[in-house]
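K.L.:
sequence unknown, structure follows:
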C-alpha cells in the first residue's frame, strides 16, 4: 500500500481529545492494523494529546496541538506536537514503584510506552515537545 | 449523551454503582468522583463498582479509581471492583494496580467479601 499521511490541528481543549483519538484509531484500521492494535493507538494518542493540551500548552487557547498520522507498509507512525516549554520524559517517576502506586496521576507516558512499539520525546528548537510513536504491523 | 452513566442500588449494606460508558478525563472521571464523594457524605462506605459496562478507561480514569480507593479507605470504608472487562483488566495489570484493588467476577462473591 502507498504511504498515507493525515494531519490534524487541535485546539488546546480537553474536549478535543476524544475525537482525535478516535480519528487516529480509525486511521490505523484503514491502514490495516488489527482491532487490538488500533485500540492501543486510540489510547496512546489520547494520552499524548491530553499531555500536550494539559501539560504542554497548559490549556492555553492561543496554542495548538498538531497530530500527524502516517501509514507505511509496515507501521503506523504518529507525532503529537505541542507549543509548550519542552518536556523531559526522565523527570516522570515510575508509576508502578511502590511509593508511587497510589498516586492519582503520572501514568500517561507509562501507558504510551506499553501500548506502542517505539516512543520518543524531543524538544524542538522553536520550543515545544514532539512525541513520536510507532506501531508496527 | 453522557460519557459515563452511573446507577446506584443497595445490596444489603453495600452500595453498588453500576457504570456504563467511559471513565476518561473530563466528564467521565468527574461523574465517578462526584458519585463516590456523595456516597461518603451520606455515610455509605462499602462501595462496589460494577465495571461490566466500562469498556474504556484512560490514565485519568485510572487515577480516579485510585483516588476513590484512597478516599474510601481513609474513611474506614471498603472499595471493591466487579466484572472488569478484559481491557480494564489488562490496563490494571500493566499499571500493577490489580494487586491493589480487590476485584471479582460475580456480584455474590464480591458482596460476601465485604467485612
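P.N.:
Arrived safely. Because the structure is a prediction, the values reported are computed rather than measured.
K.L.:
distance from stretch B:26-33 to the middle of the chain?
P.N.:
12 Å (Cα atoms, centre = their mean, to the nearest Å).
K.L.:
give the rounded mean pLDDT of that stretch.
P.N.:
Averaging pLDDT along stretch B:26-33 yields 91.
K.L.:
can you list contacts of that stretch?
P.N.:
Residues from elsewhere that reach stretch B:26-33 (Cβ atoms under 8 Å, 6 or more residues apart in numbering or on different chains): A:14-15, A:17, B:2-4, B:6, B:19, B:21-23, B:60-61, B:63-65, B:67-68. Every residue, glycine included, has its C-beta placed from N, CA and C.
K.L.:
from chain B, how far out is the spatially most central residue of chain A?
P.N.:
Closest to where the C-alpha atoms of chain A average out (Cα atoms, centre = their mean) is residue A:48, at 2.9 Å. Counting by Cβ to the nearest Cβ, to the nearest Å, the gap from residue A:48 to chain B is 11 Å.
K.L.:
quick one: contacts for that residue?
P.N.:
A:78, A:80, A:108, A:112, A:131, A:133.
K.L.:
of those, which is the most crowded?
P.N.:
Highest neighbour count within the contacts of residue A:48: residue A:80, with 28 neighbours (other Cβ atoms under 10 Å in any protein chain shown).
K.L.:
ok so that one is a strand residue?
P.N.:
Yes: counting by DSSP: H, G, I helix; E, B strand; the rest coil, residue A:80 is part of a strand.
K.L.:
that one reaches residue A:57, doesn't it?
P.N.:
No: look at residue A:80 against residue A:57 with Cβ atoms under 8 Å: they stay out of range, at 11.2 Å.
K.L.:
overlap of the contact sets of the two?
P.N.:
Shared contacts of residue A:80 and residue A:57, defined by Cβ under 8 Å, 6+ apart, comprise residue A:65.
K.L.:
and stretch A:69-82, what's buried?
P.N.:
A:69-72, A:75-82 (16 or more other Cβ atoms under 10 Å in any protein chain shown).
K.L.:
quick one: secondary structure of the residue nearest the centre of chain B?
P.N.:
Centroid-nearest residue in chain B, with Cα atoms, centre = their mean: residue B:49, separated by 3.4 Å. Assigned with three-state DSSP, residue B:49 falls in the strand class.
K.L.:
the one 3 residues further on too?
P.N.:
Applying three-state DSSP to residue B:52 yields a three-state assignment of strand.
K.L.:
excluding its backbone neighbours, what's nearest it?
P.N.:
Excluding the flanking residues, the one nearest residue B:52 by Cβ to Cβ, 6 or more residues apart in numbering or on different chains is residue B:83, at 3.7 Å.
K.L.:
quick one: residues contacting the one you found.
P.N.:
Per Cβ under 8 Å, 6+ apart, neighbours of residue B:83: B:50-52, B:104-105.
K.L.:
okay, the buried residues of stretch A:69-82 in CSV with pLDDT and distance to residue B:79 next?
P.N.:
Converted to CSV, the buried residues of stretch A:69-82 look like this (pLDDT from 0 to 100; distance: Cβ to Cβ, whole Å):
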residue, pLDDT, distance to residue B:79
A:69, 97, 38
A:70, 97, 42
A:71, 95, 42
A:72, 92, 45
A:75, 94, 40
A:76, 96, 37
A:77, 97, 40
A:78, 98, 35
A:79, 98, 39
A:80, 98, 34
A:81, 97, 39
A:82, 97, 35
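K.L.:
fine by me, we can end here.
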